[in-house]
Every structure is written in structure tokens, then in C-alpha cells.
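> Model the following, please.
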Amino acid sequence: MRNIKLTLAYDGTDFSGWQVQPGQKTVQGTLTGVLEKITQSPVTIYGAGRTDAGVHAAGQVANFHTESYIGLADFQRACNALLPPAIRVIACQEVGPEFHARWSAQAKTYRYRIFRGRVVPPFLYRYVQHDSFPLDFTAMAKAARRFEGEHDFTYFAASTGSEEDDRERITTRTIYRSELLRERAVNSTSEDTDEDKDENEQWVYVVRGKSFLRYMVRKMVGTLVEVGRGKLSPEAIPALFELRDRSKSAPTMPPQGLCMMGVEYRIPENSPAPNDLQAIAEA
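Numbering: from 1, shown residues only. From the prediction side, this is the model:
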């Protein structure tokens, strides 16, 4: 039995998230149907993360087992020929039987984009959250750093939908990087004035961690926006961890600004590459 790893990119706008849901169009469901058509047998796909409805991916990782002898390049070509244009297989690799896209993951990186101009260009609106109102970037950037380290993220987690599961789940998470950056939009030119460039600016929140709770990144960004509006101070973040009350958390930001950028796995000991973490698909 072969174990095939796929690296995927997708526009999540028209999907009800990654995970299969009855009667819903999902990325996992769409990919499963295509792979079963190619292999002519039932397929179970495991994803590195369960992106929510409207959330995008530039480096989602999945794996499945198959007895098919189809070559890797042919697998990739066949998938991309049958999948809708909103989903692309950008890499296909055969891995050892112990590999699991979710349980073998060492770290994941997400980015959330906030467009700061008055008018969102039509080719960006599906991938950014628009907020042109006054925000304190310096305070938000300072607050973002407060998320780094190991903390109880109950305040920043949505319910699982089950009170029993909520009571039993572990809410402590480790964040390796949490940073707010300024970035010029792709339509900026050297001829633009400083005012034009400010209009085209995006603020990009980058977070890298071992794993994440449901809505966690979007609630973290919502908290940063509250800081930017002066409703919270950066120094208040530690107190929110101690609060451990998700009912009092900041608003969950809309999904379109969020993108799963990449997943990292440990390189096997018998690999000729350095025994370090391998970034699978981080843009």
C-alpha cells in the first residue's frame, strides 16, 4: 500500500471549508471524489488542518493510501485536470507508511491580510479583510508579540459545538512567531505618491505555531484590531490568557483574509538532507 502526500493550494471562497460535510461543497470532499475516480477505489484523505469556510490555503498538506501504481507526475496531472480551477495540487510525493498529514506536522504558518485603502481592488477583495478606519499599527505590532510562547488560548477559541468536548479538550498551544507587518499592495508602482502608497497598503499578520484551535487565528486578529482601535492595550494580552473565558473574546474576523501558508515536518533520519524541520510549502 502506497502513502501519497499532496501539497495543495485553494481559493476557499466557494467552499464550506476543508472537512467533508453532508450536502456541502468542501475541499476534502471534492478532492476525495477526484482521487476515487483516478484510482477506481475508495480513498480516505487526511489533511494537516481543517480550514473553515472561506479560508484559503497556499500550502495545505494531505495524504492518502492507495494500491494504485499510477506515477506521481501522472497523479498530479490527473488531479489538476479533474479538479475545479480553485483547487490545485502543487506537489505530489510518495512517503513512508508512518507519515500522517495532521499528526506528523511540527508547525503550521498562517497569514491574515487587512487592506487599509479606501477602495479594495477587485482582484484582492476575495483575499483580504477591508478596514480603512484609523488603527494604531505600533500598538497592534506590540500586542502581536504577546502571543508568542506557550499559553492557554481558551479566550481565543470557539466552541467545538459540544459542551463535553469543550470541557475535555486541551487549550494550551505554543506559538513560535506572531508578527504584524506592513506590505504594499501588488498594484503599487514607483510613480505612486506617498499618499497613494498608503492607500494601497496591507497589514499582514503572520503566525506560526505547533497547532491551532478553531477560529483561534481569526480571534487573535480580532483582538489586535481591538488594540488598534484603542479598546485594549498591548499589556492586556497576558490578562486575557488568564481570563480563560471565550464568551468575552474579541470578534472573530471574517474568513477571507486568512490563508494557510505552509506545514512543516521533520525530515527522516535516513534523509540526506539536514535533520531539521522541512518547510513543505510556505509561500
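> Give the buried residues for the helix or strand harbouring Asn80.
In this assignment (DSSP states H and E), Asn80 forms part of helix 72-82. Across helix 72-82, burial judged by 16 or more other CB atoms under 10 Å covers 75-76, 78-79. C-beta here means a position set from N, CA and C on the backbone, and glycine is covered the same way.
> any idea which of these is closest to Gly96?
Phe75 (17.4 Å; CB to CB).
> Enumerate every residue touching the closest one.
4, 38, 89, 92 (CB atoms under 8 Å, 6 or more residues apart in numbering).
> Would you mind giving the buried residues of helix 72-82 as TSV with distance to Val263 and pLDDT added?
Below are the buried residues of helix 72-82 laid out as TSV (distance: CB to CB, whole Å; pLDDT from 0 to 100):
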residue	distance to Val263	pLDDT
Phe75	19	94
Gln76	18	96
Ala78	23	97
Cys79	18	97
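> export these to CSV and tack on distance to Thr51?
Putting the buried residues of helix 72-82 into CSV (distance: CB to CB, whole Å) gives the following:
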residue, distance to Thr51
Phe75, 22
Gln76, 21
Ala78, 24
Cys79, 18
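> Check these and tell me the two furthest apart.
Applying CB to CB across the buried residues of helix 72-82, the maximum distance is between Gln76 and Ala78, 7.4 Å.
> For Met253, see how far away Glu199 is.
Glu199 sits 22 Å away from Met253, going by CB to CB, to the nearest Å.
> now do Gly230
18 Å.
> Gln40 too?
Counting by CB to CB - Gln40 and Met253 are separated by 42 Å.
> Going along the chain from the host helix or strand of Ile4, find the next helix or strand for me.
Using DSSP H and E, Ile4 sits within strand 2-10. Sequence order places helix 27-39 as the next helix or strand after strand 2-10, per DSSP H and E.
> From the rest of the structure, what touches that following helix?
Defining contact as CB under 8 Å, 6+ apart, one finds that helix 27-39 is touched by 6, 8, 10, 12, 15, 17-21, 42-45, 47, 51, 57, 60, 62, 64, 66-68, 70, 75, 78-79, 82-84, 87.
> Can you flag the buried ones in these?
If we count by 16+ other CB under 10 Å, the contacts of helix 27-39 have these buried: 6, 8, 10, 12, 15, 17-19, 43, 45, 47, 51, 57, 60, 62, 64, 66, 68, 75, 78-79, 83, 87.
> ok, back up a step: same drill for Gln40 and Met253, tell me which one is more crowded.
Per other CB atoms under 10 Å, whichever of Gln40 and Met253 has more neighbours is Met253, with 23 against 7.
> Tell me who's in contact with the more buried one.
112, 129, 218-219, 221-222, 225.
> Mind picking the two most distant members of these?
Checking the contacts of Met253 with CB to CB, the most distant pair is Gln129 and Lys219, at 13.4 Å.
> ok, and the closest non-adjacent residue to His57?
For residue 57 the amino acid is Ala, not His. In space, and not counting its chain neighbours, Ala57 is closest to Met260: 4.2 Å by CB to CB, 6 or more residues apart in numbering.
> For the one you found, list each beta-bridge partner.
Ala57, Tyr110 (DSSP bridges).
> is it true that it touches Ala105?
No. Met260 is not in contact with Ala105 according to CB atoms under 8 Å; the separation is 11.3 Å.
> tell me, what's touching these two both at once?
Residues touching both Met260 and Ala105 by CB under 8 Å, 6+ apart: 48-49.
> Which of these two has more residues huddled nearby?
Higher neighbour count among Met260 and Ala105: Met260, with 30 against 18, using other CB under 10 Å.
> How much space separates that one from Ile38?
Where Ile38 is concerned, Met260 sits at a distance of 24 Å (CB to CB).
> Could you do Asp152 as well?
Using CB to CB, we find Asp152 at a distance of 44 Å from Ile38.
> Which one's more surrounded, those two?
Neighbours were counted for Asp152 and for Ile38 using other CB under 10 Å; Ile38 has more, 18 against 15.
> Sketch out the low-pLDDT regions of the stretch 101-250 of the chain for me.
160-168, 185-198 (pLDDT under 70).
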